[in-house]
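In: Predicted model and sequence follow; I will ask about them next.
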Amino acid sequence: MNIVLIGYMASGKTSIGKKLANKLGYNFIDLDDLIEENENLSVTDVFKSKGEIYFRKQEHVYLNKVLNSKDNVVLSVGGGTPCYSNNMNVIVNDDNVKSIYLKASITTLTEKLMRKKAKRPLIAHIETEDAMAEFIGKHLFERVQFYNQAEIQVSIDGKTKDDIVEDIILQLF
Ligand SMILES: Nc1ncnc2c1ncn2[C@@H]1O[C@H](COP(=O)(O)OP(=O)(O)O)[C@@H](O)[C@H]1O
Ligand SMILES: O=C(O)C1=C[C@@H](OP(=O)(O)O)[C@@H](O)[C@H](O)C1
Ligand SMILES: [Mg+2]
């Protein structure tokens, strides 16, 4: 079985994915890291030099590569991965995949992303907390239709990473 973590930017996909993989004895793959390694560029620089559409194509290619060639992997995708190129259908129609949506309120995401925006090109330019909350609200409204297709949903508001890992394991098995 492969486990795919989805959710908005800064919901914890990368860091919780690592912990979950450790706990389960699974391998861990982060789709952004995989693209960075293959491009030899940071996500920010891929956006800058090759554009977002190129990045979205790479996400689609590597998502399929991982799911078709690996097993016993926890795969953390990017916040946008489920929302482009039929990727959410690829995830939900794969019988070997359990998909998990790390669900966070706009307040939680705003607070986290004000601190963690630098490496996230879609929001790095947003300066005030009010503008961040407004952007996230609209963006999440567009994306939640994809996220809600996940098999399992885990709320992350007010929880530690370890709490969230425990919640995921309870729902998985
Ligand atoms: N439940 C949590 N409690 C405290 N910090 C968290 C929690 N989840 C994630 N973080 C921190 O928030 C930041 C964003 O998390 P990350 O795993 O990169 O999210 P994503 O991959 O979904 O964008 C990281 O610095 C991470 O350590
Ligand atoms: O939401 C998005 O469209 C993106 C999320 C990022 O990953 P994280 O969700 O891990 O921050 C990264 O893939 C890129 O900056 C675009
Ligand atoms: Mg990530």
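Out: Received the coordinates, thanks. Ligands and ions are numbered 1, 2, ... in the order given.
In: Could you report the distance from residue 97 to residue 22?
Out: Distance, residue 97 to residue 22, using Cβ to Cβ, to the nearest Å: 20 Å. C-betas here are computed from N, CA, C, even on glycine.
In: Could you check which of the two has the larger neighbour count?
Out: residue 97 (18 against 12; other Cβ atoms under 10 Å).
In: Need the per-residue pLDDT for the more buried one.
Out: The score at residue 97 is 98. That number is its pLDDT.
In: Beta-bridge partners for it, please?
Out: residue 2 (DSSP bridges).
In: Please look at it and residue 87 and confirm they touch.
Out: No - Residue 97 lies out of contact with residue 87 (Cβ atoms under 8 Å); the separation is 11.7 Å.
In: and residue 73, how many neighbours does it have?
Out: Residue 73 has 19 nearby residues by other Cβ under 10 Å.
In: scratch that, residue 14 is what I was asking about
Out: 17.
In: The strand or helix carrying it and ligand 3 in contact?
Out: Element membership for residue 14 (DSSP states H and E) is helix 13-24. Yes - on the criterion Cβ under 5 Å from the ion, helix 13-24 is in touch with ligand 3 at 13-14.
In: and that helix, what's its mean pLDDT?
Out: Rounded mean pLDDT across helix 13-24 is 98.
In: quick one: is that helix near ligand 2?
Out: Yes - among the residues of helix 13-24, 13-14 lie within reach of ligand 2 under Cβ under 6 Å from any ligand atom.
In: So which elements touch that helix?
Out: strand 2-6, strand 27-30, strand 73-76, helix 161-172 (3 or more Cβ pairs under 8 Å, 6 or more residues apart in numbering; DSSP states H and E).
In: First-to-last residue distance for stretch 147-161?
Out: 20 Å (Cα to Cα, to the nearest Å).
In: Run through who's touching it.
Out: 6-8, 11-12, 15-16, 19, 82, 88, 91-92, 98-105, 107-108, 164, 167-168, 171-172 (Cβ atoms under 8 Å, 6 or more residues apart in numbering).
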